[in-house]
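sequence unknown, structure follows:
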């Protein structure tokens, strides 16, 4: 019967006359096991494949973590107005599927009377104008846990935490079992239920292997703090930080005592989401005013 | 020489499965049709992606994993029947053991198929194989599950094939080989179900699963559904083949089901009490399951059906008069199989995911593709069990054995599924 499973598996395998690159991608090793030469080859292959598909010069980098940096994120709940510009800036920057829509950031509308009560949260609020009276807004995305439950459960180590604290996914290694989605307490992981619909005109050609490069069908993806931006020298802020019209989003190096993030943690009223689960997020909600 | 003997046996089994009564052919062809439909459904799913199911980010596991969970229980409990068979010295011990192990093998095959159809990238299954890929053992409970399920499949197949191959050669199976393996299969059966329970249990993000009582509940309910299925299979087998299974054994199994069901209901009650009395934010999933939440109550009728079925079956099996009456006994078995299928399937998986971690309620109900594919896998399991029985039954009844030359197989039984009157005539003659 395993034979039957193998035959079924074979149905999904590349066809005999498939180009060599398809087989290369089929036999590709886990990202962390690639030698520097292997990696070079993989990046070149992907660049060629994406450039042809999206009809523009696409770069795929694998910039490693910058030494001495541990990324931290701050979100000022007293400022957020729930406009969702961050959601769509993220979609554009990170090449999420437009059909069906995948959003790495989800903004919850909450009642001021009830506080942070997730059972009372509304994601699909749609008034003509925000913020609405009596409500406040809490965007949720990957909390980049120090103890990520999603990493622990992955049966094939297709997801891991990098030295700079960012949890990443190797889209070429993920088998699509979705155990990480069951394990994540923040709904931060999203699955490609269908071949992602990404119009070439809207495709962002500056990509990172572990971040915003186009994803295949049947794998899981998540927020990477815009790994393709923040690891560059000089680094850029994540797209959501950059777009926020009210300055509710902060980003910085937790290891740098002079950073804005450290100032916030030391001087503002800060909380983390689902503290009791001991996931130790590096995503800090705070009230600046 | 041994190669030739094994080849002779193998050739004999091929001839055997191709021969049978009309009823056998009708049954097999029906199963093949369902398997074909299921296969087409799978091709459709491969082509379009898992979007053709009703699963989404909020409810990322559904009908496939529900069936998987239920069947792990069946596989575990089928083998655990060996314990009472030993303890109470049921006469056809070998038969009970072999039939149970074959059910376990078939259920395991279905489990592996359900997991295969659920994953997004079946082409990357080799990533799970150590050396070629990376099996995240012992970190991931899913890695544990892959290991124990495959060990269990191989173990049961080995024991059953070894016993049958010896009987075919008219030798008593070597006890010093079978007994340790049979004894090992008992903790193995417990472990597959425990590991599967832990797979859910270990997720702090899902309060409905993150309760220590989950693994004991898994075992208790498996001890209900597995044996209930065996009682029905025992009756079918003894009616249509020449294998005899005593009433006494069947009634004893039914009694054991009553105790297991009591423990199952008690543990469920303990869970319900804790959640409702303490009334924390963790109550929501149980509320969604039992009463509905904010007007969403798709699961409510199912779970209450399961409750009523389980409680009714408990009383039917507890009272000796109804336990030892085949009409009420079989009603009880059907009630339990359906009851546990709901409770340990959708009733377990879905409330773990609804409401989701950010409080959203997405009501999941399987699509046509999911249902057809599921039926196809069930048909595959029954098909496997049928073929295994087709070989095992004539060996056990001495109608399929090695000939004088020690190589060629002798096949006496060419019908397999026989008419009852034909059989009655025979047993009268015996």
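Everything's here; your move. All values reported here derive from a predicted model rather than from experimental measurement. Numbering: from 1, shown residues only, chains lettered A, B, ... in the order given.

neighbours of residue B:257, just the number please.
Residue B:257 sits with 30 neighbouring residues when counted by other C-beta atoms under 10 Å in any protein chain shown. Yep, even glycine has a C-beta here, placed from its N, CA and C like the rest.

anything in the helix or strand harbouring it sitting right up against chain A?
Assigned by DSSP states H and E, residue B:257 belongs to helix B:247-278. No - with C-beta under 8 Å from any C-beta of the partner chain as the criterion, chain A is not reached by helix B:247-278; the gap is at least 14.2 Å.

And the contacts of the helix or strand following that helix?
Downstream of helix B:247-278, the first helix or strand assigned by DSSP H and E is helix B:284-290. Contact with helix B:284-290 is made by A:119, B:206-208, B:271-272, B:275-276, B:293, B:296-297, B:299-300, B:303-304, B:347, B:350-352, B:354-355, B:359, B:361, as judged by C-beta atoms under 8 Å, 6 or more residues apart in numbering or on different chains.

do that again at 7 Å, thanks
Outside of helix B:284-290, the residues within contact range by C-beta atoms under 7 Å, 6 or more residues apart in numbering or on different chains are A:119, B:207-208, B:272, B:275, B:293, B:296, B:299-300, B:303, B:347, B:351-352, B:354-355.

Residue nearest the middle of chain B, spatially speaking?
Closest residue to the average C-alpha location of chain B: residue B:74 at 3.1 Å, with C-alpha atoms, centre = their mean.

Among the contacts of helix B:284-290, name the buried ones.
Neighbour counting with 16 or more other C-beta atoms under 10 Å in any protein chain shown marks B:207, B:208, B:275, B:293, B:299, B:303, B:347, B:351, B:352, B:354, B:355 as buried within those.

Among those, which pair sits farthest apart?
Longest distance between any two of those is 17.4 Å, between B:207 and B:303; criterion C-beta to C-beta.

Sketch out the low-pLDDT regions of the stretch 51-200 of chain B for me.
Residues of the stretch 51-200 of chain B meeting the criterion pLDDT under 70: B:91-92.

now the helices for it?
Secondary structure of the stretch 51-200 of chain B, counting by DSSP state H, counting those that start in this stretch: helices at B:63-80, B:82-87, B:93-118, B:141-168, B:175-201.

same deal with the stretch 301-430 of chain B?
Using DSSP H, counting those that start in this stretch, the helices of the stretch 301-430 of chain B run over residues B:320-323, B:326-344, B:346-353, B:368-396, B:420-429.

And the ones you listed: which comes nearest residue B:410?
Per C-beta to C-beta, nearest to residue B:410 of the helices of the stretch 301-430 of chain B: helix B:368-396, 10.0 Å.

Please tell me how far the closest one is from the chain's geometric centre.
Chain-centre distance of helix B:368-396: 11 Å, with C-alpha atoms, centre = their mean, to the nearest Å.

and that helix, average pLDDT?
Throughout helix B:368-396, pLDDT has a mean value of 96.

Can that helix be said to contact chain A?
Yes - Helix B:368-396 is in contact with chain A by C-beta under 7 Å from any C-beta of the partner chain, via residue B:384.

now the angle between helix B:63-80 and that helix, please.
Taking axes from the mean of the first three to the mean of the last three C-alpha atoms, to 10 degrees, one finds helix B:368-396 and helix B:63-80 inclined to each other by 20 degrees.

Get me the contact residues on the stretch 51-200 of chain A for chain B.
Residues of the stretch 51-200 of chain A lying near chain B (C-beta under 7 Å from any C-beta): A:106, A:108, A:118-119, A:121, A:123, A:140, A:149, A:152-157, A:173-179, A:181-187, A:190-191, A:193-195.

Mind giving me the ChimeraX command for buried ones among those residues?
Per 16+ other C-beta under 10 Å, the buried members of these correspond to this ChimeraX selection:
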select /A:106,108,118,121,140,149,152,153,154,155,156,157,173,174,175,176,177,178,179,181,182,183,184,185,186,187,190,191,193,194
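
Go through the residues of the stretch 51-200 of chain A next to chain B and flag which are in helices.
Among these, DSSP state H puts A:149, A:152, A:153, A:179, A:181, A:182, A:183 in helices.

Would you mind finding the most buried of the helices of the stretch 301-430 of chain B?
Highest mean neighbour count among the helices of the stretch 301-430 of chain B (mean count of other C-beta atoms under 10 Å in any protein chain shown): helix B:346-353, with a mean of 24.

Mind listing residues that contact that helix?
B:58-61, B:65-66, B:69, B:200, B:206, B:208-209, B:285-286, B:288-289, B:299, B:302-303, B:306, B:364.
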